[in-house]
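**Q** Just the structure for this:
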Amino acid sequence: MIRGIHIKLKSCLMVVAVFFLSANHIYSQQNGQNVRVTGKVTDEKGEGLIGVSVLVKGTKKGTSTNLDGNYSIEAPLNDTLVFSYIGFDRQEVKVNSSGVINVKMAGDKMLDEVVVVGYGSTKRRDLTGGLAVVGKEQLEMVSTPNLMDRLVGQVAGFSITTGNAAPGASQTLLIRGENSLSANNSPLIILDGIPYSGSLTDIDPNNVESLSILKDASAVAIYGSRGSNGVILIQTKRGALGKANVSYRGQLGMAETMQRIDVMGPNEYIRFQQDIGRLRQGYTGDLLDPVAGDIISLTERKNYQNGITHNWQDYIFRRAVSMDHQLSISGGTENTKYIASLAALDQDGVVYNSRLSRLNMTANLDQTFNKWLTIGVGMQYTQRSDGGVTPNIEHAIKQSPYGSYKDEVGNYVPEPMEYALIANPMRNVNAIQDRINRNFFLSGYADILLPVKGLSARSNFGYNYRSGFTGTYYGRNTFDGREQAGLVGGKASINNSHYNDYIWENLLKYERQFGDHRFDATGLFSMQQTKSVSASQSGEGFVTDDTEYFMMNTAARNIVNNSGLTETAMLSYMGRLNYAYKGKYLLTLTGRTDGASVFGKNNKYAFFPVAAVAWHIGEESFLKDNVSWLDMLKIRMSYGANGNQAISPYRTLDRLYSDVKYIWGDNGTQVNTAYLAGDGIGNPNLKWETTYSSNLGIDFQLFKNRLSGTIDGYISNTEDLLMIRTVPIMNGYRSIYDNIGATRNKGIEVTLNSLNVDTKNFKWNSTAVFSLNRDKIVELRGDGKDDIGNNWFIGKPLRVIFDYNMIGVWQTGEDYPAGASAGAAKIEDVDGNGTINIDDRKVIGSKNPRYTASLANRFSYKNFYASALVTGVFDVWRDDHMANIGAWTFGITNYVHNANYWTPENPNATIVSPGYLNTLGHGYYKKVSYVQVRNITLGYRIPQQVTKKVGVSGIDVNLSVNNLHTFSNIRQVLNYDNTWMASFPTARTYMFGLNVNF
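**A** Modelled structure (predicted):
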């Protein structure tokens, strides 16, 4: 019995053991079974993410998503997959039996932003080159109708100088300073993928979606020689999927001069003229009396006696009104997307007769015909008018308050002070001037998906036609058109110009991903041709003013005709390879060959290679797993060569001139001739100016992207400079273009973005930009000698002030040298020999700033928003016109209010005596810094529940002021970008804006 019980118990235990072993075997089999997991990783918009890392947790087994965001991996059931992506939050998902896991990534998407680069676009995280992207938020910070005005100070390394602040005037653009001494240093403009050579003032800023500023060799290499000075990519707005959306943008503005020159008033002017008389002329007693003496002209004496004075700046400056309107419609279906806009701008300048009228018509259309073909076309037409003969600003500033403005019949008095050098600033403002420019720009593309996986083709075509016309007529009611010496009055001129270019580019692109390896290769063939034609006529002596400039054939004398033709062509080949490993290690190789017609047969073509690498070091485990506050850290490096062919055409050819006529015999007739000028010899060996650039950059994001930025350092060495070389005249010519000399350009750029406050109702973010650039001449003509005539000095910056250096004012009792006296300029004795002569000139300083900086702040509170932009330029040497008392006064004209000039009663002055005669002809210079409040904007977006009641989808109103104030160590200037006292003044504008979406 006992044995039976034992047998039964043993049997039961065996059954239980078998059960547990079976269960354990089944569980182990299920848990250890490998499942093929597939899926798609997308962002919050549902778009596939390329290169997302998919890793089996606790192992080294992993893969990454392909071009469409899809992935496939084998993993044990119930194990965990870790999805990580640069700039997004890491996600962990358990493997399930279905084998399908789709993941939507969340987090900061800035790195996943698609940015426009050369011949295409890419994700920001994949960039290896140095570029800056200017988005909609930055473009709308400044409310001006000039596109470049909106970018001033907002991009590190991008300098925009408005030397002439007149409406419609061109600006000087530089990316990372200057490399060339004689060739063009301007960047290449690419508009919707097509090189654009027109004026940027023709572009309506409200049509621009974004800009990319390409700066280092890798970023610009794909554009070859045309991009050697940097590239500005402008992308206009395109249609989007959705119903038709009609929008209106309008601005009404009022402008005034930001500041005026504060000149002497009537009493101060008289005292100043008395100081000139006694210190320069030796006048005493009655000779210093305004009426009985000789210190002012007869006309001035009469007005002095009658108490008649004039504020001449009131006549030439004015408050100006501007209106800017744009109406656009956009929308699209899955296959057709469109946008069209019409804009009209009328802007009066703050100087009498200055104005700008601009009409813009724009249309973009994108059509998808099937899975493999998409075609797009864009058109922009601009008509711009900015004519008008403006007053002479210098003459108004220097005019005597007692000068005569108009005579008894209302005509402008030609010489208010009876002084020919300072005439009436208004004497020609009644002239007729029409200046009209028309610009037609056409761009088109065709995207083709070829029947090979990853292979596509694209063809770009661009055409640009521009015409310019200027017609000017000085009638008898102007000084230049007056009748004199028995000659019939009237003076007319017309100028016509026509320009056209076309470019055709064909690209082939292949992109694939194999596991952790992703690459794309691009090949390019490009051809471009330009043609420019000009013609002009002028003449004097017309029977009547009624015909203006429309009957040039009736001119009686001084008839001049001119015409010209210029053609250029370029042929290019390019190859580019982008490679990425695990999305962390990036490589870009680019090579481009350019051929330009401006060079001779011996050196038409040149090859320029560039390489760049980038490393997402922040994705390495030693940082990612240990530094929680580091969201992203990327290191970039690039090195390569770019060429510059930006010289005038035909410099490689001998050029005959024919602008001289000969008369054979006493009674002979004029005949044309041809001759070889001193600069007419060509150089068939002329070749490309080449810049070798290296760049080291760091991109980072910290503290959940509360702080992000970019730091770049660069060095550029330019060789074979395209320069005019002086040769002995015994050769039969005196100069020739040649490849000689070298320069070096280096700098640091810093951009910092911070999210200071981020709550439900209130947000505040800031952007700080800092740029530092140093350039110098390394070599000139190979002999180690400086070129004093051009102010070029080896080891010194490219643009310098070279002159005698004034270090003070001589005082009574000091041991001043021969020829000097109390109140005279104290000149530095550079060589220390006790004599001031030509050898005492020195390089005083650079005309380029030591560094620039800016700070932008943007705020939003519920439906309210505000922004402010401040920019600064520091330590740039400029002419100190206030100190140059001789150039101001010419011994008779007006001067600056409260000028601290030397007199025996004011020995501690900083400005020389009015009696000082500048026999050396030296200038006066000062290191200048200025900080400008560029823009302040306040706005309000009306809630949708309100706008719907009036039948619109959105209304936005805003108020802004541009160029509110400038803080500087100088004051008596009209435009801080051009410290010449008589430059066109910077305008302070007050703007009211209204945006309505229907």
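**Q** And stretch 597-604, end to end?
**A** Start-to-end span of stretch 597-604 (CA to CA, to the nearest Å) is 7 Å.
**Q** Of all the residues in it, which ones are buried?
**A** Neighbour counts over stretch 597-604 (16 or more other CB atoms under 10 Å) mark Ser597, Val598, Phe599, Gly600, Asn603, Lys604 as buried. Glycine gets a C-beta too; all of them are placed from N, C-alpha and C.
**Q** Can you give the distance of it from its chain's centre?
**A** 30 Å (CA atoms, centre = their mean, to the nearest Å).
**Q** same question, stretch 479-490
**A** Worked out by CA atoms, centre = their mean, stretch 479-490 lies 44 Å from the chain centre.
**Q** now, the most widely separated pair of the buried residues of stretch 597-604?
**A** Ser597 and Asn603 (11.9 Å; CB to CB).
**Q** hmm, back to that, need the buried residues of stretch 597-604 in JSON lines with secondary structure and distance to Val727, can you?
**A** Shown next, in JSON lines, are the buried residues of stretch 597-604 (DSSP: H, G, I helix; E, B strand; the rest coil; distance: CB to CB, whole Å):
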{"residue": "Ser597", "secondary structure": "coil", "distance to Val727": "25"}
{"residue": "Val598", "secondary structure": "coil", "distance to Val727": "21"}
{"residue": "Phe599", "secondary structure": "coil", "distance to Val727": "20"}
{"residue": "Gly600", "secondary structure": "coil", "distance to Val727": "18"}
{"residue": "Asn603", "secondary structure": "coil", "distance to Val727": "20"}
{"residue": "Lys604", "secondary structure": "coil", "distance to Val727": "24"}
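**Q** Looking at those, which gets the smallest pLDDT?
**A** The pLDDT minimum for these sits at Gly600, where the score is 79.
**Q** Surely that residue is in contact with Tyr650?
**A** No - counting by CB atoms under 8 Å, Gly600 stays clear of Tyr650, with 10.3 Å between them.
**Q** what sits in contact with each of the two?
**A** Taking CB atoms under 8 Å, 6 or more residues apart in numbering as the contact rule, Gly600 and Tyr650 both touch Gly682.
**Q** Can you pull out the low-pLDDT segments for the protein?
**A** When residues are selected by pLDDT under 70, those of the chain lie in 1-32, 86-87, 107-116, 120, 659, 675, 678, 730-732.
**Q** in stretch 486-494, what's buried?
**A** Neighbour count says stretch 486-494 has Gly489, Gly490, Lys491, Ala492, Ser493, Ile494 buried, by 16+ other CB under 10 Å.
**Q** Name the residues that touch that stretch?
**A** Contacts of stretch 486-494 (CB under 8 Å, 6+ apart): 469-476, 480-483, 536-545, 548-549, 552, 555-557.
**Q** ok, and for stretch 135-146, which residues are buried?
**A** Gln138, Leu139, Glu140, Met141, Val142, Ser143, Thr144, Pro145, Asn146.
**Q** one step back: which one of the buried residues of stretch 486-494 sits closest to Val35?
**A** Closest approach to Val35 among those (CB to CB): Ile494, at 81.8 Å.
**Q** Now the closest one. Nearest residue, chain neighbours left out?
**A** Gly471 (4.8 Å; CB to CB, 6 or more residues apart in numbering).
**Q** What strand or helix carries that neighbour?
**A** Taking DSSP states H and E as the definition, one finds Gly471 inside strand 455-474.
**Q** what pairs with that strand, and is each one parallel or antiparallel?
**A** strand 432-449 (antiparallel), strand 491-514 (antiparallel) (DSSP bridges).
**Q** any chance of those in TSV, with distance to Gly157 too?
**A** Formatted as TSV, the strands paired with strand 455-474 follow (distance: least, CB to CB, whole Å):
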stretch	distance to Gly157
strand 432-449	27
strand 491-514	27
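**Q** show me the contacts for Gly795.
**A** Gly795 touches Lys776, Ile777, Val778, counting by CB under 8 Å, 6+ apart.
**Q** And these, which of them are buried?
**A** Looks like the contacts of Gly795 have Lys776, Ile777 buried, using 16+ other CB under 10 Å.
**Q** can you tell me which of the contacts of Gly795 are in strands?
**A** Lys776, Ile777, Val778 (DSSP state E).
**Q** mind putting those in TSV, distance to Arg934 included?
**A** Shown next, in TSV, are the ones in strands among the contacts of Gly795 (distance: CB to CB, whole Å):
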residue	distance to Arg934
Lys776	31
Ile777	33
Val778	36
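**Q** What is the nearest of the residues you listed to Trp629?
**A** For the ones in strands among the contacts of Gly795, the nearest to Trp629 is Lys776 (40.3 Å; CB to CB).
**Q** what separates the residue nearest to Ile494 from Ser536, distance-wise?
**A** Going from Gly471 to Ser536 by CB to CB, to the nearest Å gives 11 Å.
**Q** Repeat that for Gly51.
**A** In terms of CB to CB, Gly51 sits 59 Å off from Ser536.
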